[in-house]
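Q: I would like to see how this sequence folds:
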Amino acid sequence: MMHSDCDGEWTVEELPALLREVETIAAKFRTLPPEDPAGAFEHTAEYRAGAKSLYDCFHEVNGENLFEALITLCRQGISSQRPITFQ
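A: Take a look at the predicted model:
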């Protein structure tokens with residue numbers, strides 16, 4: 001949450017904290033009711049069909065749950081000892 005959103009990377013050393021943050025947010029979102037975003041992402045409504053919680057309402061471009069994708073990415077970076085680069 002404290003990392004800049006511009007081009008950069010999460011270092012291997014930062015990944016365990018990032019993983020904990022994403023898991024914490026995901027756990028909280030599982031306790032909240034689902035909702036459709038207003039004014040954006042109407043084109044991905046099919047991904048939210050049948051959502052049981054707010055957790056189920058966030059997806060990456062291929063339709064995979066965003067939290068699961070980020071958790072997998074963090075774990076892969078940790079296991080391979082490689083940073084996550086973003087742009």
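
Q: centre of the chain versus the helix or strand hosting Arg20, how much separation?
A: Arg20 belongs to helix 15-30 when assigned by DSSP states H and E. Averaging C-alpha positions (C-alpha atoms, centre = their mean, to the nearest Å) puts helix 15-30 8 Å from its chain's average.

Q: Give me the residues contacting it.
A: Contacts with helix 15-30, where a contact means C-beta atoms under 8 Å, 6 or more residues apart in numbering, come from 1, 3, 10, 53-55, 58, 67, 70-71, 74-75, 77-78, 83-84. The C-beta positions use only the backbone N, C-alpha and C, and glycine is treated the same way.

Q: What of stretch 74-87?
A: Here stretch 74-87 makes contact (C-beta under 8 Å, 6+ apart) with 7-12, 15-16, 18-19, 22, 73.

Q: among those, which two are most distant?
A: With C-beta to C-beta as the measure, no two of the contacts of stretch 74-87 lie farther apart than Asp7 and Pro16, at 22.4 Å.

Q: The two - which one has more neighbours?
A: Pro16 (13 against 8; other C-beta atoms under 10 Å).

Q: Counting neighbours, what do you get for Leu18?
A: Neighbour count for Leu18, taken as other C-beta under 10 Å: 20.

Q: tell me the mean pLDDT for the very next helix or strand once past the helix holding Arg20?
A: Downstream of helix 15-30, the first helix or strand assigned by DSSP H and E is helix 45-48. Helix 45-48 comes out with an average pLDDT of 75.

Q: then helix 45-48 to CSV, C-alphas only?
A: C-alpha atoms of helix 45-48 as CSV (Å, rounded to 0.1, in the frame of the first residue of the first chain):
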residue,chain,number,x,y,z
ALA,A,45,-19.7,-7.6,-15.8
GLU,A,46,-19.7,-11.3,-16.8
TYR,A,47,-16.8,-11.9,-14.4
ARG,A,48,-18.8,-10.7,-11.5
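
Q: Report the buried residues of the helix or strand that it is followed by.
A: Downstream of helix 45-48, the next assigned helix or strand under DSSP H and E is helix 66-80. Residues of helix 66-80 classed as buried by neighbour count (16 or more other C-beta atoms under 10 Å): 66-67, 69-71, 73-74, 77.
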